[in-house]
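Colleague: I need the structure of the sequence given here:
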Amino acid sequence: MGHLDHAAFGWLTPVLSYVMACIGAALGLRCTMRALAATGRARRNWLLTAASAIGTGIWTMHFVAMLGFAVSGTDIRYDVPLTVLSLLVAMLVVCGGVFAVGYSRDRTRALLLGGLTTGCGVASMHYLGMAAVRLHGQVYYDPLRVALSVLIAVVAATAALWAGLNIKSPLAVTVASLVMGAAVSSMHYTAMFAVRVHVTPSGEALPGATAMQFIFPLAVGLGSYLFITAAFVALSPTAGERAASASAQRPVESLAP
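Modeller: Predicted structure coming up:
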């Protein structure tokens, strides 16, 4: 058995990954609130933005945390196509859950179905990401901890969708995003503690890219996307602000000759 280190850089990767999960959750909640107050194309666009923010936040959280993953006795590489596929899975499943809640008339049913689908999808994203790991040896999993990680993912996804439907105030969004970030991080580390590695020493070069060659630049790029999206959401007027602006302009227009 190889010794597994889940925080090779100390507290840096766990804390940074948690921050990314919280940012993605906060953005997703804000965009969902905007979507529910909009109609037509605007609602669709806000829901797409919410899904991309949450999906990006979850994926970035996972792979920032993976930067701290090390196994004694072997190097680690990542299969690039599988890693990219895990990102697409995260985006698609979150998009499905957000749209189900955003457009369904039966919100309770949509919430339960969307939470289950999205949670299983997030778990699939995690284990696809783990399937992309290349090392000298074999990776095994504790089935009980795997099942627990999937359960946490489903509960976290359901809670996120519920929050998107019911939370309105900025303070509540902040608290909810902190809780959701903790839930996503808990799912990740529960799944990682299910991992066992039997190392087979070898001098052969491993296929794939190192974390610093591929995952770190991609995580930085996606993190930048989250911050740019945060600025866009902060600067975009809400439905209430647009309505107030329109009502303020009407008297001026009526007085015009």
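
Colleague: now this structure, which segments are flagged as low pLDDT?
Modeller: 1-2, 234-235, 237-257 (pLDDT under 70).

Colleague: Which parts of it are strands?
Modeller: Residue ranges of the strands in the chain, as given by DSSP state E, are 4-5, 70-71, 76-78, 133-135, 137-141, 195-199.

Colleague: Could you point out which of the ones you listed sits nearest residue 45?
Modeller: strand 76-78 (32.6 Å; Cβ to Cβ). The C-beta positions use only the backbone N, C-alpha and C, and glycine is treated the same way.

Colleague: Can you tell me the centre-most residue of the protein?
Modeller: In the chain, the residue lying closest to the centroid (Cα atoms, centre = their mean) is residue 58, at 1.9 Å.

Colleague: For that residue, give its distance to residue 70.
Modeller: Taking Cβ to Cβ, to the nearest Å as the measure, residue 58 falls 22 Å from residue 70.

Colleague: can you pull the buried residues of stretch 98-109?
Modeller: For stretch 98-109, burial by neighbour count (16 or more other Cβ atoms under 10 Å) applies to 98-102, 107.

Colleague: residues in contact with that stretch?
Modeller: 28, 32, 35-36, 43, 47, 50-51, 54, 110-111, 113-114, 117, 161, 164-165 (Cβ atoms under 8 Å, 6 or more residues apart in numbering).

Colleague: any idea how far residue 38 is from residue 132?
Modeller: 37 Å.

Colleague: Pick out whichever of these two has more residues nearby.
Modeller: Neighbours per residue (other Cβ atoms under 10 Å) separate residue 132 from residue 38, with residue 132 holding more: 23 against 18.
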